[in-house]
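Undergrad: Coordinates for the following, if possible.
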Amino acid sequence: MKKGAAVMDSPLLSCKGLHKSFQSDGVDVDVIRGVDLEVSAGDFTVLMGSSGSGKSTLLYLMSGLEDVTGGTVMCNGYEISSMKEKELALLRRGEMGFVFQAFNLIPNLTLLENIMAAGFLSDTPKVDLERRAHELLDSLGLGDLAKRLPSQVSGGEQQRAATARSLVNSPKILFADEPTGALNSASGKKVLDYFSRLAKEGQTIFMVTHDLKGACRGNRVIYLKDGQIHGEYRFDDQALSLEEREKLLFSWLVKQGW
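TA: Predicted structure coming up:
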């Protein structure tokens, strides 16, 4: 398929025969080995696995932040695995949002300015961009902190601001790599509560986590082992409480060798 050719009725995000290898002391080391995966619009997909299983690498490959060694990656009907960096940058700006463990906020900009800065390269008028940024801050309980610098708020508040920044362009898919890894349990819960709310509103989320409580927020959990998909668990009963989901997922993960 030619890059740029749209495919109708396809998953929002997918990969086929995905491989990634790195060189270490002159030897090729396979990190991702023949992964096939589809993510439908509205899915909250969680990647889990032991350290070194390839979770973050797979997320980076699926979002175009890492070059693939082999296979294809499709996003919103476009092949991104063969795009040049300029094309990828345009696609990521319009289709993707990113939340990482490191907040990566610009220290001399206020929280409001940090969020707006992510939208300056879009065609959105400044007045609409500012309105959107305020709406996101309010929805994350940060409305009173809009004019604070990152150094003037807590780590949890910085991560929520970073989440708002990732959503300012209304991305089709939100990628999150260990978004609560640097937070205490209370701050992490606020971020995860917001992710759950986004998922209920139809936001597609693709998240890497090692945290059982975080993984329970997804509607499907993919378990990676040695760079391959080892199993998948789906929460078909949406009425389950978080505690019930945690027990079910823990039991399944143990069987996978977690």
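
Undergrad: hey, let's count contacts and neighbours off CA atoms from now on
TA: Fine.

Undergrad: in this protein, which ranges drop under the pLDDT threshold?
TA: 1-9 (pLDDT under 70).

Undergrad: And the helices in it?
TA: Taking DSSP state H as the criterion, the chain contains helices spanning 55-62, 85-95, 111-117, 126-139, 155-167, 185-200, 212-215, 242-256.

Undergrad: Can you say which of those is nearest to L145?
TA: Checking the helices of the chain against L145 by C-alpha to C-alpha gives helix 111-117 as the closest, at 7.2 Å.

Undergrad: Pull the distance from the closest one to the chain's centre.
TA: 20 Å (C-alpha atoms, centre = their mean, to the nearest Å).

Undergrad: other SSEs contacting that helix?
TA: helix 126-139, helix 155-167 (3 or more C-alpha pairs under 8 Å, 6 or more residues apart in numbering; DSSP states H and E).

Undergrad: coming back round to it: closest one to G42 among the helices of the chain?
TA: So among these, helix 185-200 is nearest, using C-alpha to C-alpha, at 6.7 Å.

Undergrad: what comes up buried for that closest one?
TA: By 16 or more other C-alpha atoms under 10 Å, the buried positions in helix 185-200 come out as S187, G188, K189, K190, V191, L192, F195, S196, L198, A199.

Undergrad: Take those and lay them out in CSV including distance to F206.
TA: As requested, the buried residues of helix 185-200 are exported to CSV (distance: C-alpha to C-alpha, whole Å):
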residue, distance to F206
S187, 20
G188, 17
K189, 18
K190, 18
V191, 15
L192, 13
F195, 11
S196, 12
L198, 12
A199, 11
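
Undergrad: Looking at the residues you listed, which one is closest to S10?
TA: A199 (19.9 Å).

Undergrad: Next, the contact list for that closest one, please.
TA: Neighbouring residues of A199 by C-alpha atoms under 8 Å, 6 or more residues apart in numbering: G42, D43, F44, I205.

Undergrad: now do G231
TA: Taking C-alpha under 8 Å, 6+ apart as the test, what G231 contacts is I222, Y223, L224, Q256.

Undergrad: just E38 next, same as before
TA: P11, L12, L13, S14, C15.

Undergrad: Next step: these restricted to strands.
TA: L13, S14, C15 (DSSP state E).

Undergrad: Nearest to K147 among these?
TA: Nearest to K147 out of those is L13 (C-alpha to C-alpha; 36.1 Å).

Undergrad: and the closest one, bridged to which residues?
TA: On the basis of DSSP bridges, L13 is bridged to V39, C75.

Undergrad: quick one: it and G42 touch, right?
TA: No: the pair L13 / G42 is not scored as a contact, 10.9 Å apart, by C-alpha atoms under 8 Å.

Undergrad: could you dump the contacts of E38 to CSV with neighbour count and distance to D236?
TA: What follows is the contacts of E38, written out as CSV (neighbours: other C-alpha atoms under 10 Å; distance: C-alpha to C-alpha, whole Å):
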residue, neighbour count, distance to D236
P11, 17, 19
L12, 21, 20
L13, 23, 21
S14, 21, 21
C15, 24, 24
